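K.L.:
compute the structure for the input listed below.
(chains A, B, C and D)
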4 protein chains.
Amino acid sequence: MSARAQFLSDNAAAVHPKVWEALRRADEADSPYDGDAISQQLDEAMTDLFGRECTALWVATGTAANCLALATLCPPHGAVVCHREAHIEMDEAGAPGFFLHGAKLLLAEGEHAKLTPDAVRRVVEPIRDDVHQVQPHAVSVTQASEYGCSYRPEELRALRNTCDERGLGFHVDGARFANAVAFLGCSAADAIGGADAFSFGFVKNGAMNAEAIVFFDPEAAGLARYRRKRAGHLQSKGRFLAAQVLAMLGDDLWLDNARSANSAAQALSAHAGERLLHPVEANEVFLACTPAERDALRAQGFGFYDWGARAARFVTAWDTRHEDAEALGLAIANL
Amino acid sequence: MSARAQFLSDNAAAVHPKVWEALRRADEADSPYDGDAISQQLDEAMTDLFGRECTALWVATGTAANCLALATLCPPHGAVVCHREAHIEMDEAGAPGFFLHGAKLLLAEGEHAKLTPDAVRRVVEPIRDDVHQVQPHAVSVTQASEYGCSYRPEELRALRNTCDERGLGFHVDGARFANAVAFLGCSAADAIGGADAFSFGFVKNGAMNAEAIVFFDPEAAGLARYRRKRAGHLQSKGRFLAAQVLAMLGDDLWLDNARSANSAAQALSAHAGERLLHPVEANEVFLACTPAERDALRAQGFGFYDWGARAARFVTAWDTRHEDAEALGLAIANL
Amino acid sequence: MSARAQFLSDNAAAVHPKVWEALRRADEADSPYDGDAISQQLDEAMTDLFGRECTALWVATGTAANCLALATLCPPHGAVVCHREAHIEMDEAGAPGFFLHGAKLLLAEGEHAKLTPDAVRRVVEPIRDDVHQVQPHAVSVTQASEYGCSYRPEELRALRNTCDERGLGFHVDGARFANAVAFLGCSAADAIGGADAFSFGFVKNGAMNAEAIVFFDPEAAGLARYRRKRAGHLQSKGRFLAAQVLAMLGDDLWLDNARSANSAAQALSAHAGERLLHPVEANEVFLACTPAERDALRAQGFGFYDWGARAARFVTAWDTRHEDAEALGLAIANL
Amino acid sequence: MSARAQFLSDNAAAVHPKVWEALRRADEADSPYDGDAISQQLDEAMTDLFGRECTALWVATGTAANCLALATLCPPHGAVVCHREAHIEMDEAGAPGFFLHGAKLLLAEGEHAKLTPDAVRRVVEPIRDDVHQVQPHAVSVTQASEYGCSYRPEELRALRNTCDERGLGFHVDGARFANAVAFLGCSAADAIGGADAFSFGFVKNGAMNAEAIVFFDPEAAGLARYRRKRAGHLQSKGRFLAAQVLAMLGDDLWLDNARSANSAAQALSAHAGERLLHPVEANEVFLACTPAERDALRAQGFGFYDWGARAARFVTAWDTRHEDAEALGLAIANL
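P.N.:
Residues are numbered from 1 along each chain as shown, chains lettered A, B, ... in the order given. Just a heads-up that it's a prediction; the model follows:
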């Protein structure tokens, strides 16, 4: 696949040179699992970033991060409210059902794959408070959303309030969290809105195979440690995962990479005008596009996914070349 | 930790230079998950090695490999026979119960943590064939065993026969398979004895975080693909796992590394004499050792784990320096 | 609660005298579990009724019947298509997620809580055949539906064909199956439309606490036997459950009771006219009703459930007195 | 089966006339599930019996009672310590693994199938407090034990203390609790020794299909309510289960029945002398018996189970005729 073709996804991008350096530095044998010196730095790094005490666990995938986080918020007989198009519902092969022992996802509606307090209430309110119906225990949102749209801090605070009113836990899936923060220009803390548990994605943003789960309740983190091992996610050379996370956080590499990807997304969508199906608030662009138009773009060497019959999805990554994004932007303008 | 100290375990050893090279070569973006060119080569590489058609899936940990393999051999209401000291029983935090939805492990006895047909029968025969008792569906053995002892090809064939007589599946946990093959001097195929599913370990032998599950039944492999994703073990940049596996198999690196580790184990146990608790048939050495003797060794800079009150476990790895192993061997002789 | 008040549900009705007689006759001690002479007659009784070889297991509840049946049709990583308002989705507390180890329910739309081939296809077709999305393995319909509407034999055959085209199993939840058969006037076989597994309800129709699961594949039945015990549903005095089922089947008591309930439902809805929200094809009546109208009916001593803000649900049972149903019918006419 | 033959088990005995009366009185329709007037009396009846506030849930089987109770004491990643021959280990088809989502049973040794504090410690102490090993969360004992032996109040208090020292929950499986209390002559409270959750058996003692789970922590009971429904164990005509429990508790029927069974067991073992394998402290008798001796007894019309190659198990029930027990006692004496 030529570099130019690659607007398919950010999930198979190259690994950033600084991550490679950190991996190499981590080679020297150390204690196994997460007893090594590098893994031991994660809590502090995340506490610094979020400005409150937190506990961070590395895992290799976003699916594992989401599900280990949710399992601390929802019992097997409960439910998690999420958007109908949430990744946990659409693209994780039923992993929440596996990790949460059969707990349900309750699907809410919402523009741009974003939840609102009203959308949550519409799902939650009709549920009778009796043993015949599965009771909601948590809400999960994706920052940025599956349509590349970012929750504003006040939107998250409102959702957090809704959760508090109803005794629900609050989880943020941050597979593209860096892109959201880069777009919002706010603090990391403001961009998770008081979540109880947070899946911090790095793989789509320059890492090889490391994500972090951030807990603000040490007891929840303690439970997640047992569950991580039990799910086969406690790697013996965990230092290589911790090293990736620290490299991404160091010198704000996570933000730099996200800014680069976001800027490429802006370039490619600059002339999209009415075609835009969602505002571009991260590194994903969804455009109305006929099959013939998609063919025309592909004939020029651009790679991307169809999104249903009359749309297309374009994703940029930290390593997208801006001249490619601009060329695609022009090609779109010329359709 | 100084290199000298490190007889604690092979599970946190350095990554072999050839693995690093393969990782770097895999950096260029490719298809995500296991659709990339490197992952696509795994089946053929394993088919070549085992001399019969097989399907191979990468995963990051041995626990995931074991449990995804076993889940294809045993339903939730069934049981797997294993040794009382098997890794799946002792050190995987109940992962088999998680991945197999509550299936049981039935514990058998056996010298050197090895099972025999008799040991299997003693567990299986008293079970009434009715719905009140959990029925056995598979047998799992570890090659080399948890005490560093290797099953001979004829021992495995006998176990396979016992399985066949009773309609049981047969799984081999090969966390230290390379060490067993290096010791036995037989083919890879002979060293798994007709297993239905095989966990092929690389992490303890020079890889960073890649193991392989080898299936000889394509339908089982197909099921495992769904379960791998559902367990959060389908990495999006899977090419980096495939690259490690191929690098280990290329030029017999897996065997070279294992030979080096085994040879260090021989060196360190050369003068152990009566202290030896188990024959040294891989890269682990278990010695009778008083607390005072253990203190004496540690005072000389050697690191290792206590094994109960009056024994110690020493593990060598591909990167153990032979002079260190010899020095330890002498220190043991001088106790 | 006065008898008159009772249009709340059929699920707490009295036990039919013939069932009481059968229970008393079953008192004499016999073999435990399902080894007794009465339990041993179930297969034959069901085979006679359905005109093809079948295996029947008693259980105490419809939830257990549905979930033990579905567990033979769908693996933990799969999904079952059902109506958005199906009992398994709305009123079983997530039991399918428990019994099927996290498998999903995929919700389809359809008038009168009935599925159609098109409705199934609309759910199934967008699912990509890859490991990221939960794959459908079965379809479940309720006969009669949650709105008291009965599938015609040809509707079921069409659904069965849709299942066959896509390799899906087919389950019928027959909590009110007798009412459907009584309404349709067809054979029991035609009213399940070639289902693979069938939950045959008796509790709402005159039994105390016995339902049957009917399997047409003996291997599936064999699996369900293990799972029944494992779920704590193998009663030691199972003869008392078998006796109820046989009493209901004997002399067509199941049909007589259902006819009586259906006829009461016709009486109470005879003058409902435009108020009717669904055709009355079993023993449930759903009427548009303002809160004031509901108050008026309750003031006359009738008991029933609100159904949202502007409707009401009335359920008749085998023991509903027809004069009460007629009185209610008149009261509705006079609203 | 002739009444005389029946020393096979108490689990298929007849239903006591007072239970039949209570069932008939419960026939009148009432609220479904456990909202009826009879179910609502359970808490008070149990509170009276145990002398402290408790919450009681009916279920149909002992397996369901045990597993719903244990699920409130042990998370999916934990373990329950029980005797190697405990019913939950040997005869419940892996139900604990199902209800507890893969939690483990840790098997302890002990004479007469009874646990001691030492036996618990021998299992618990070697477990490293790290995430690789499954941590114990509860202890479960059977009162009377699987060999018909009763824990003295002080033995239970000692076990409770051991649990408290280690933060373990304490469950008592009382499938034959009445027999233990009748033997001990102590209060019900003393015979459960401060258990957190208690499975109170009635089916083996004159009921048809009702057991009770007694919780002393209302929060645990609340969780169990959701899980009971989710496991398909919330019967809609629950009044028939509650009625059985209340009938058994009324006028001490549970104790009268147990005394009768115990007395028959004493009669049949009166001349057993050296043959006795366990003290007779409930309604079960285990005797050394050669195959020829067993044949001789069977030739006289007595029915019982072989217990391995050279023993036999005899169980009496509330309806065992004492002349039969005495006749068997004489037959044993004459062997």
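K.L.:
use CA for all of it now, contacts and neighbours both
P.N.:
Fine.
K.L.:
got a list of what A:Ala103 touches?
P.N.:
A:74-80, A:96-97, C:94, C:97, C:102 (CA atoms under 8 Å, 6 or more residues apart in numbering or on different chains).
K.L.:
could you check how far it is from C:His77?
P.N.:
14 Å (CA to CA, to the nearest Å).
K.L.:
okay, the longest strand along chain A in PDB with CA atoms only?
P.N.:
In chain A, with assignment by DSSP state E, the single longest strand is strand A:135-142. Extracted as PDB, the C-alpha positions of strand A:135-142 are listed here (Å, rounded to 0.1, in the frame of the first residue of the first chain):
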ATOM      1  CA  GLN A 135     -30.800  -2.100  35.400                       C
ATOM      2  CA  PRO A 136     -28.300   0.500  34.000                       C
ATOM      3  CA  HIS A 137     -25.100   0.900  36.000                       C
ATOM      4  CA  ALA A 138     -22.900   3.000  33.800                       C
ATOM      5  CA  VAL A 139     -22.700   5.300  30.800                       C
ATOM      6  CA  SER A 140     -19.900   5.000  28.200                       C
ATOM      7  CA  VAL A 141     -19.000   7.700  25.700                       C
ATOM      8  CA  THR A 142     -16.300   7.900  23.100                       C
END
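K.L.:
what helix or strand is the closest residue to A:Arg157 other than its chain neighbours located in?
P.N.:
Once flanking residues are discounted, A:Arg157 sits nearest to A:Gly193: 5.3 Å by CA to CA, 6 or more residues apart in numbering or on different chains. Using DSSP states H and E, A:Gly193 sits in no helix or strand.
K.L.:
right, and A:Gly193 touches A:Cys163 too?
P.N.:
No - contact criterion CA atoms under 8 Å: A:Gly193 and A:Cys163 do not qualify, at 11.5 Å.
K.L.:
A:Asp48 - how many residues pack around it?
P.N.:
Around A:Asp48 there are 12 other residues, counting by other CA atoms under 10 Å in any protein chain shown.
K.L.:
for it, what are its contacts?
P.N.:
So A:Asp48 contacts nothing (CA under 8 Å, 6+ apart).
K.L.:
let me know the pLDDT of it.
P.N.:
If you check A:Asp48, the pLDDT there is 98.
K.L.:
phi and psi next, for it.
P.N.:
Reported as degrees, to the nearest 10, the phi and psi values for A:Asp48 are phi -60, psi -40.
K.L.:
from chain C, how far off is it?
P.N.:
In this view, A:Asp48 and chain C are 35 Å apart by CA to the nearest CA, to the nearest Å.
K.L.:
also A:Leu23?
P.N.:
For A:Leu23 relative to chain C (CA to the nearest CA), the value is 29 Å.
K.L.:
ok, that residue touching A:Phe240?
P.N.:
Yes - shown here, A:Leu23 and A:Phe240 form a contact pair, counting by CA under 8 Å, at 5.8 Å.
K.L.:
higher neighbour count, the two?
P.N.:
Neighbour totals were compared for A:Leu23 and A:Phe240, and A:Phe240 leads with 26 against 19 (other CA under 10 Å).
K.L.:
pass me the low-pLDDT residue ranges in chain A, would you?
P.N.:
A:1-5 (pLDDT under 70).
K.L.:
in it, which spans are strands?
P.N.:
A:55-59, A:78-83, A:104-108, A:135-142, A:169-174, A:197-200, A:211-215, A:284-288, A:305-306, A:311-315.
K.L.:
so the spatially most distant residue from the centre of chain A versus D:Arg25, what's the distance?
P.N.:
Most distant from the centre of chain A: A:Asp130, at 33.8 Å, with distances by CA atoms, centre = their mean. Counting by CA to CA, the gap from A:Asp130 to D:Arg25 is 28 Å.
K.L.:
try A:Glu155
P.N.:
A:Glu155 is 58 Å from D:Arg25, by CA to CA.
K.L.:
neighbour count for those two, which is higher?
P.N.:
Shown here are A:Glu155 and D:Arg25; by other CA under 10 Å, A:Glu155 has more neighbours (17 against 12).
K.L.:
contacting residues for the closest residue to A:Arg176 other than its chain neighbours?
P.N.:
Excluding the flanking residues, the one nearest A:Arg176 by CA to CA, 6+ apart is A:Ala144, at 5.6 Å. Counting by CA under 8 Å, 6+ apart, A:Ala144 touches A:150-151, A:174-177, A:179-180, A:281-282.
K.L.:
mind putting the contacts of A:Ala103 into CSV with distance to chain D?
P.N.:
Formatted as CSV, the contacts of A:Ala103 follow (distance: CA to the nearest CA, whole Å):
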residue, distance to chain D
A:Cys74, 13
A:Pro75, 10
A:Pro76, 9
A:His77, 7
A:Gly78, 9
A:Ala79, 13
A:Val80, 16
A:Pro96, 14
A:Gly97, 12
C:Gly94, 6
C:Gly97, 9
C:Gly102, 11
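K.L.:
and for A:Cys67, the neighbour number?
P.N.:
Neighbour tally, A:Cys67, other CA under 10 Å: 26.
K.L.:
what does the stretch 101-250 of chain A have sitting close to chain D?
P.N.:
A:101, A:131-132, A:225-227, A:229-230 (CA under 8 Å from any CA of the partner chain).
K.L.:
go again using 10 Å as the cut-off
P.N.:
Applying CA under 10 Å from any CA of the partner chain, we find that the stretch 101-250 of chain A lies next to chain D at A:101-102, A:130-135, A:222-230, A:234.
K.L.:
which residues are in contact with the closest residue to chain C within chain A?
P.N.:
Distances between chain A and chain C by CA to the nearest CA are smallest at A:Gly102, namely 3.7 Å. A:Gly102 sits next to A:75-79, A:94-96, C:76, C:94-104, D:101 when contact means CA atoms under 10 Å, 6 or more residues apart in numbering or on different chains.
K.L.:
let's go with 8 Å and repeat that
P.N.:
A:76-77, A:96, C:94, C:96-98, C:100-103.
K.L.:
now do A:Leu105
P.N.:
A:79-82, A:89.
K.L.:
of all those, which comes closest to B:Asn11?
P.N.:
A:Glu89 (35.4 Å; CA to CA).
K.L.:
ok, that closest one to C:Lys104 distance?
P.N.:
Taking CA to CA, one finds A:Glu89 at 10 Å from C:Lys104.
K.L.:
between the two, which has more neighbouring residues?
P.N.:
Taking neighbours as other CA under 10 Å, A:Glu89 and C:Lys104 compare with C:Lys104 leading, 29 against 21.
K.L.:
nice, that's everything, thank you.
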